[in-house]
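> Compute the structure for the input listed below.
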Amino acid sequence: MPRIREEFLNTLRDRLDIEEFISGYVHLKRAGRLSKGLCPFHSEKTPSFTVYPENQSYYCFGCGKGGDIITFTRDIENLDYLDAVRFLADRAGLNMPDDDYDDTLSKKRKRMLELNKEAARFFYKELMSEKGAGCLKYWTEDRGLTLQTIKHFGLGYAPDDWHALHYYMHGLHYSDQELYEANLLRRSEKNGKIYYYDNFRNRAMVPIIDLRGNVIAFGGRVLDDSRPKYVNTSDTLVYKKSSALFALNFAKGSGTDQLILCEGYLDVITLHQAGFTNAVAGLGTALTDEQVRLISRYCKEVVLAYDNDDAGRTATHRALEKFDKTDLTVRSLTMSGGKDPDEIIKTFGAERFRSMLDGASNETEYRLNEQRMRFDLATDDGKVRYIEAASFVLAALAPAERYVYTSRVAEETGVAREAIDEQIARAVKRQRRRRERADFTELNRSLGNGSASGSRIPAKAIRAEETILASLLRSPDYVKRLEPLLSDSDFLTDFGRKAYGIIAGRLGEGKSVEPYVLSQYFDPEEMGTLARIQNAGAPLSGTFQEVEDCIRVLKQAGEEASAQSGGEISDEELRELFSKK
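All right, here's what the predicted structure looks like:
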């Protein structure tokens, strides 16, 4: 990884406080000397994400993410190290140093973003040209969009030509390989020669724009009966469809704590034109955990506005399961009179959609309604089967909510509440058994995989390694006393060897080992491990004797590694082991 002058990193650290910076992404609450909030990297309802202002680091006890402000920026903005530093430098009003380090990857990212922007300009110009008349008619007459909306979203047209974009971008000095890696060109091989041609041809084009205003990808809808109907940019150096949302760059500034989640970007564009500027959509894939976390950062309530068909209902069920792991309020729109938001607005107008939005059902109401529609409540058999299905919905609720909705089911069916309560009790037991079986399966799977550090390495050795590293980070002056006693080759895990070599080496040269410096040497996962060791490990006695005891345990474990089982031991057992002379 490229190295950046530490004088610059020191200035960056002084300009940006990690607690203040992370507060822009996470709602933090002070808890003594620390701050806590809901983790932005995994779905949770109870805060496990902790910021440590004293050493300018963070750690999540739920998912293990941790590190410094640079590591946080890398993960939250999906950037490499150099781009994360640039991002922070811009925030701090600093210019990056002109060091001659190798930032090939960063330059490639910048170059790809530039060529995407030029491609978007090309598609827009083509739309407004004589050749684009048919596509402009599609956008304005078929889709009902105004020229203002077309310009706002940067919509365009890919000509019905195999090399229109290809040759245009050549004129701007972009190579075939660059355009191919950006997924703007495809290639084929014939007689040992490679031929390049446009990926998007005769299509209505929609640019995908990230939160910083960069064009990162494109979606293209066919204008005739050819297949496939949609062609979308594949994952590239600057685009990962599972972690992006269409129009979030606009929706985040809508001034509301609510987001409307749609299936497709055409629904979103129509909604924005109708005044619902808080609409967003996924990008051709089922809703992912990354997208759920991204949504959680920008709203308190999400309304699901998926299509009114079997695929849409399936997507709604899956989305409800995803959002159930968050603290967001989730409601679901029941489409009436149309299959999607675009059709409803075109047929009935924005006010009809607004009234549907106001009447959107919560998760429980939606699930009960879905079950109700499956059965004929005019028959006894229909009532029985509906109660059986509804009982699994009600079994998952908190007592007060369960009471309210059980009463509603009793009223709908004319069945005594007590009988429904018995059915719910059976459902609760069945759900508990399913969870226990799932937990047991997961336990067996995790045990079968062994530890990340290697299943043959004794747990006590791993604990000893981490205690040594934590002690060295807390008491840097230990390094001189450790020189004759320990080397990185004494560590049994790959991470331990790497971490001790870097930390002890820097301390031996009189250099800093603060997290913002170490993040140059470690990837985000390794920084998470360091953050756990430094902030959330077992309590330290603060004595060098403890370190010597750990060295003894480590060296003994190294000699006996092949015979050790690697079983877990408690903190108390470890302290007793250290006390033996």
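> ok, Lys29 - how many residues close by?
10 (other Cβ atoms under 10 Å). Backbone N, C-alpha and C define where each C-beta goes, glycine included.
> which SSE is the closest residue to it other than its chain neighbours in?
Nearest in space to Lys29, with sequence neighbours left out and distances taken as Cβ to Cβ, 6 or more residues apart in numbering, is Lys36 at 5.8 Å. Here Lys36 is covered by strand 34-37, with elements defined by DSSP states H and E.
> can you list the residues that contact the helix or strand following that strand?
Tracing the chain past strand 34-37, the next element assigned as helix or strand by DSSP H and E is strand 49-52. Applying Cβ atoms under 8 Å, 6 or more residues apart in numbering, the set of residues contacting strand 49-52 from outside is 18-19, 22, 26, 28, 33-41, 57-62, 535-536.
> what about burial for these, which qualify?
By the neighbour-count criterion of 16 or more other Cβ atoms under 10 Å, the contacts of strand 49-52 include these buried positions: 18-19, 22, 26, 28, 34-41, 57-62, 535.
> Run through the residues that contact the residue nearest to the spatial centre of the chain.
The central residue of the chain, meaning the one whose C-alpha is nearest the mean C-alpha position (Cα atoms, centre = their mean), is Glu290 at 2.6 Å. Glu290 sits next to Ser242, Ser243 when contact means Cβ under 8 Å, 6+ apart.
> Helices of the stretch 151-300 of the chain, residue ranges please.
According to DSSP state H, counting those that start in this stretch, the stretch 151-300 of the chain carries its helices in the segments 164-170, 176-181, 248-251, 265-273, 289-298.
> just to revisit the earlier point, gap between the strand holding Lys36 and the chain center?
Relative to the mean C-alpha coordinate of its chain, strand 34-37 is positioned 20 Å out (Cα atoms, centre = their mean, to the nearest Å).
> looking only at pLDDT, what's the mean for stretch 22-40?
Stretch 22-40 shows a mean pLDDT of 93.
> Also stretch 158-168?
According to the model, stretch 158-168 has a mean pLDDT of 97.
> for that stretch, which positions count as buried?
If you call a residue buried by 16+ other Cβ under 10 Å, then stretch 158-168 has these buried ones: Ala158, Pro159, Ala164, Leu165, His166, Tyr168.
> Likewise for stretch 331-348?
Arg331, Ser332, Leu333, Met335, Gly338, Asp340, Pro341, Asp342, Glu343, Ile344, Ile345.
> Compute the first-to-last residue distance for it.
The first residue of stretch 331-348 is 22 Å away from its last residue (Cα to Cα, to the nearest Å).
> Give me the contacts around it.
Contact partners of stretch 331-348, identified using Cβ under 8 Å, 6+ apart, comprise 143-144, 260, 262-264, 266-267, 270-271, 274, 279, 301-309, 312, 316, 320, 352-353, 356-357, 360-363, 366, 369.
> For Asn95, find the nearest of the helices of the stretch 151-300 of the chain.
With Cβ to Cβ, the closest approach to Asn95 among the helices of the stretch 151-300 of the chain belongs to helix 248-251: 25.5 Å.
> Do a quick rundown of the strands in the stretch 301-450 of the chain.
With DSSP state E, counting those that start in this stretch applied, the stretch 301-450 of the chain shows strands at 301-305, 329-332, 361-362, listed in chain order.
> Look at the nearest residue to Glu77 once chain neighbours are set aside and say how many residues are nearby.
Ranked by Cβ to Cβ, 6+ apart and with sequence neighbours excluded, the top spatial neighbour of Glu77 is Phe87, at 6.2 Å. By other Cβ under 10 Å, the residues close to Phe87 number 17.
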